[in-house]
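> with the sequence up front, the predicted model follows.
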Amino acid sequence: MVILERSHLQQFLSAIQKRSYRIIGPTQRGTAIVLDEISSADDLPAGWGDEQRPASYRLRRNDDKRLFGHAAGPESWKKFLFPPSLDLFSGKRAGKSFEVISPQNGRNTGAADEKIVPLAFFGMRACDLQALRIHDAVFMNCAYPDPYYRSRRERLLIVAVTCSSAGGTCFCDSMGSGPAAGEGYDLALTEILRGDEHYFLVETGSPRGAEILKGVPVKAAGKAEEEEKNRLVQGVRKSMGRSLDTRGLREMLDLCFEDSQWDDVAKRCLACANCTMVCPTCFCSTVEDVTDLTGAQAERVRKWDSCFTQEFTYIHGGSVRPSIRSRYRQWLTHKLAHWVDQFGTSGCVGCGRCITWCPAGIDITEEAGVLRRHAALDPRYRKETEPHGKP
Amino acid sequence: MENLEGIIRDHQFLKGLDQNTISLVAGCAANVRFDPNQLLFREGEEANAFYIIRQGKIAVEVYGAERGPIIIDTLGEGDILGWSWLIPPFHWHFDARAVDLTRAIALDGRCLRTKCESDHNLGYELLKRFAQVMEDRLQATRIRLLDLYAVKS
Amino acid sequence: MLPQIYQVQRVIRETHDTFTLELLPSTRSHHFPFAPGQFNMLYIFGVGEVPISISGDPSKSKLLVHTTRAVGSVTNAMYRLKKGDTIGIRGPYGSSWPIGKAIGNDVVLVAGGIGLAPLRPAVYQLLSRREKFGKIVILYGTRTPADILYRRELEQWRSRFDLEVYITVDRAMSGWRGSVGVVTMLIPKAPFDPSTATALVCGPEIMMRYAVTELQKRGVKTGDIYVSLERNMKCGIGLCGHCQYGPVFICRDGAVFSYSDIKHLFPRREL
C-alpha cells in the first residue's frame, strides 16, 4: 500500500493517459453523475454527493471536496464492454447470394484488434467491479465467448475506488461485493479527507497496475494507513440502510413461485425496464435487421433488451409471460436465484440502482424480505433453506 | 363355437363383475360382423345396442351437406362403441361405419335397459364403466378441440 | 458469430404451409456434423434469423436439411426461396436425443404435427444401428391427412418388419382408412415394454404434457422420457437471455431435456 497525495492525482491520471488509455470516470453532467471520458482530474465530480431513495435521485453539494463522495449514478460500466448497440455484421448482396462482412470501422464494432483503444475505468466501485467479474462469466466463460467483450476486457485497466460513504439505496455488504473492492483491479484507491489532509491510499492488484505507478510520486504506507482503510470500510458497512438475506434464496424463490406478493408487486410495477437498463449485470439483448432502401445491404445489430417487455418471450402467436406479474417474477428470480445455477454466483451486487431508478420505487430488498416472510410459513421452508455458505 | 360368456368375463371393459351379472349380460350378447364400408347405424336412429370391438376398425362420422361425411373418431380392438342406448332419448348422435372387416360383440341395449331398471346394481356397474369411457373420449376430444397443430399468427 | 452461406439445392413442399429445404455449403466442402435434436439459426438476408431444428440424416452430413412452417416474416421469406438462393447458417446448437443411452431399450417416438421434423434424424440414427435397440415404435399425430409430413418416408418405414408406425389425425374426410383421434391415445396400446423403454416426445407443449402423462401411466420411467422445448431465441448461444426457462437456457441446456430434469418446471405457468 502506498500514499498518493490529492495534489499528485493529475500525474497519476497522466501516467495512465501516456500509456494510450482512454480514461472513463465519473463526471457531473446536468443533474446526475455519469460515466464518460475524462481528460483531467478537474473532470471528476469534486464535492458532489447524491441523495438516493426509492424512485429518487438528487445531486447535492457535500461539505467537503471529496472526489468520490457520491454513490452509483444511473449508468453502469457495462455499456463500455457490452454496448447498447453493436454491429454484428453486415451483408451485401452478390447476385443471387450475399456476402457476410465483419464490421471494420465505427465506434461500436468488432473492429480489428490493433485499432482498439484500450480503456481505463477510473473510479470503479466495489459493487461494479463485482458486476464486471459477473459479466466475465456471462460473456467469456461460456461456449461462445463474445469477441467484442473479450478484446476490450483484455486491454482494460481498472482503478477501483473504496466507497467512503454508503449510498442511499446500497446494500453491497449483504451481497458480499463491497464496500472495499474485491479482486480483479489493477489499482485500488481509498480516498482519505481529514482536515487539511487529502490523499489516496493506493493498493496494487496487478503488474499492469504496478507499472502505472512507476514515476508517480507516492510514499510508502504503514499499518496505521491499513487500519484507517479498515475503519473506513467498517463504518460504511455499518451505515448501509438496507440488507438482503441471501441464505437459501434458490430454494426460497422456488417455493414462492405462486406467492401472492408477485400480485402485489404487479400492481406497482410499470414494466418500464428501467431496472434492467441501470443494472450493471443485466445482459439480455436482441438482434435487429436493418436494410438500406435498395435492399442491397443489410446489417444485423445487437441491442440491449429487457425481460420486462411484452414481446420478450413471444413465440407462436403469443407471449409466454404476458403478465407484468410473471415478468417481475422472472427478473427477480433470475437475478437472485437462477443466476447461481447459470453462473455460480448471485446476479445482484447490491448497487441499489434498480431501487433508485424505479419510478414506482420498488425495492428488491424489500420484495425479497416479504417473500421470505411468506416462505417461512411454508412447512417445506425450514428444511430447504438451511443457510449454506453462498447465496 | 365361441363361448360368449367366457369372452365377456375376460374382457377389460367388464372385468370385476360377479358371475350372475356376467351371465345376465351374456344373455343379451351376440357376435356380429361388419364388412368394409358397412354402416352400423345412422345419426338419429334408435340406439339399442353397444359394441365391444374385437377386431377391425370403426369410424364415427358426422355428415355435413357441403363437406360430406367427416370422421371424428376411429375405434379399434378393445374399444367400446356406443352409450346412447343408456341415455335418453336413446338415439344415435353420429353415424358409425366399418372401415375394415370388423368383428364385435353386440349387446342388446333395450334388453339391458330393462334389466338395469330392475337390477340397480347392474345399472350402477355398467354406468361406472361407461362413465370412464365417456371421460376418456371427452378428454381426447377436448385436446383435439385445442387444434394444437394449427398455425397461430 | 458469423453465419456460413448455404445454397438451396431443393425445396420440397410437404403440405400447404410446411416445406423442406435441402442445403449445400456455398464455398468449400463443409461437413456439417450434428446430433439428432440439434438446431441451427437460419438467416435470411435483410429479414431476420430464426431457430429451426435440423431434420436430415446425421450420417449424410454434407446435405443440410430443414423442415419448417411458414408462420412469420422470416419463415415466409424462406417459403419463397428457390434452388440457387442463399441462406445463412449458424450452428449446430443445443442438446440432442439420447440415442446412445437408449441402446438395449425399446424406443417409442411420439410426434405431434411439425414435431416429427426434429425427430426424423433420431429415426435415421436408430435405423442405422437397428440391431442395438429393442422395439421401435413411431406414434405420429397431425391435423388432417393432408398435413401428414414425409408421407412417402412414413410409408416406407411402415412397410419394414422391424418398425411400427401408427399415424392418427384429429379429423378426416370419409375415405381415410387410418385412425382418427388424438395422438396421446395411441400410447396405452402401443407395442413396447414400458419398463425398458426410452420415449422421445416432440410437438406442441400441450400435446407433450398429455403424452408424458400417458407414458407415465403406462410405466415409462420419468428419467427415460425426453421432450423438446421451444422458446423465443435471438442468439442461440446462451447470451441474449430470451430462451430462459427457469434456470436453464433452452438453446444451450436444451432443446432436448430429460423429463426428470424439468418435471418441476413443466407445470409452471408463465415461467
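The structure has been received and is ready for your questions. Numbering: from 1, shown residues only, chains lettered A, B, ... in the order given.
> need the contact list for A:Leu371.
A:Met252, A:Leu253, A:Cys256, A:Asp259, A:Gln261 (CB atoms under 8 Å, 6 or more residues apart in numbering or on different chains). Any C-beta I mention is one placed from the backbone N, CA and C, and that applies to glycine too.
> just say helix, strand or coil for it.
Following DSSP: H, G, I helix; E, B strand; the rest coil, A:Leu371 is assigned to helix.
> pick the one among the contacts of A:Leu371 closest to chain B.
Nearest to chain B out of these is A:Asp259 (CB to the nearest CB; 29.4 Å).
> A:Phe200 reaches A:Glu191, doesn't it?
Yes - using CB atoms under 8 Å, A:Phe200 is in contact with A:Glu191, at 5.6 Å.
> looking at the two, which is more packed in?
A:Phe200 (25 against 20; other CB atoms under 10 Å in any protein chain shown).
> now that one: how far from C:Thr198?
64 Å (CB to CB, to the nearest Å).
> any idea how far B:Asn121 lies from A:Tyr328?
For B:Asn121 relative to A:Tyr328 (CB to CB), the value is 58 Å.
> these two - which one has more neighbours?
Neighbour totals were compared for B:Asn121 and A:Tyr328, and A:Tyr328 leads with 23 against 12 (other CB under 10 Å).
> OK, contacts around that one?
A:Trp262, A:Val265, A:Ala266, A:Cys269, A:Ala271, A:Phe308, A:Ile362.
> coming back round to it: what is the nearest of the contacts of A:Leu371 to B:Leu39?
A:Asp259 (58.2 Å; CB to CB).
> name the helix or strand for residue 59, please.
Using chain A here. strand A:56-61 (DSSP states H and E).
> oops, wrong one, chain B.
With DSSP H and E as criterion, B:Ala59 is part of strand B:58-64.
> and the nearest residue to C:Glu270 once chain neighbours are set aside, how far is that from A:Ile3?
Nearest residue to C:Glu270 in three dimensions, chain neighbours excluded: A:Ser326, at 3.5 Å (CB to CB, 6 or more residues apart in numbering or on different chains). Distance, A:Ser326 to A:Ile3, by CB to CB: 53 Å.
> so those two - more neighbours on which side?
A:Ser326 (20 against 17).
> SS state for the more buried one?
Assignment for A:Ser326 (three-state DSSP): helix.
> give the contact list for the one residue sitting closest to the centre of chain B.
By CA atoms, centre = their mean, chain B has its centre lying nearest to B:Leu81, at 1.6 Å. By CB under 8 Å, 6+ apart, the residues touching B:Leu81 are B:Leu40, B:Phe50, B:Tyr51, B:Ile53, B:Ile58, B:Val60, B:Leu75, B:Ala96, B:Ala104.
> most neighbours, which of those?
B:Ala104 (26 neighbours).
> and the spatially most central residue of chain A, what's its pLDDT?
With distances taken as CA atoms, centre = their mean, A:Pro280 lies nearest the centre of chain A, 2.7 Å away. What the model reports as pLDDT for A:Pro280 is 98.
> where along chain B do the strands fall?
For chain B, the strands defined by DSSP state E cover B:29-34, B:39-41, B:49-55, B:58-64, B:68-75, B:80-81, B:95-98, B:102-108.
> quick one: the last one to strand B:68-75, angle?
Which is strand B:102-108. Calculated by axes from the mean of the first three to the mean of the last three CA atoms, to 10 degrees, strand B:102-108 forms an angle of 90 degrees with strand B:68-75.
> so what secondary structure elements neighbour strand B:102-108?
helix B:4-10, strand B:29-34, strand B:49-55 (3 or more CB pairs under 8 Å, 6 or more residues apart in numbering or on different chains; DSSP states H and E).
> which outside residues touch the shortest one?
Right, strand B:29-34. B:2, B:4, B:8, B:40, B:51, B:56, B:58, B:98, B:101-108.
> now that strand: buried residues?
Buried residues in strand B:29-34, counted by 16 or more other CB atoms under 10 Å in any protein chain shown: B:Ala29, B:Phe34.
> as CSV, could you dump the C-alpha coordinates of that strand?
Coordinates of each C-alpha in strand B:29-34 appear next as CSV, following Å, rounded to 0.1, in the frame of the first residue of the first chain:
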residue,chain,number,x,y,z
ALA,B,29,-75.0,-60.5,-26.2
ALA,B,30,-74.4,-61.8,-29.8
ASN,B,31,-71.4,-62.0,-32.1
VAL,B,32,-71.6,-59.7,-35.1
ARG,B,33,-69.5,-58.9,-38.1
PHE,B,34,-69.4,-55.9,-40.4
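> which parts of chain B sit against chain C?
B:57, B:59-61, B:67-74, B:76, B:78, B:97, B:99-100, B:136, B:140-141, B:143-144, B:146-153 (CB under 8 Å from any CB of the partner chain).
> are any of these buried, and which?
B:57, B:59-61, B:69-74, B:76, B:97, B:99, B:140, B:143-144, B:148-149, B:151.
> could you point out which residue ranges in the chain have low pLDDT?
You didn't say which chain, so I picked chain A. A:104-114, A:383-391 (pLDDT under 70).
> I was after chain C.
In chain C the weaker segments, taking pLDDT under 70 as the threshold, are C:29-30.
> what sits against the closest residue to A:Gly47 other than its chain neighbours?
For A:Gly47, ignoring the flanking residues on the chain, the nearest one in space by CB to CB, 6+ apart is A:Lys65 at 4.9 Å. Going by CB under 8 Å, 6+ apart, A:Lys65 touches A:Ala46, A:Gly47, A:Leu193, A:His198.
> domains in chain A, as residue ranges please.
A:2-238, A:249-384 (automatic domain parsing).
> and residue 41, its phi and psi?
I went with chain A, as the question did not name one. The phi/psi pair for A:Ala41 (degrees, to the nearest 10) reads phi -60, psi -20.
> chain C, not that one
phi -100, psi 120.
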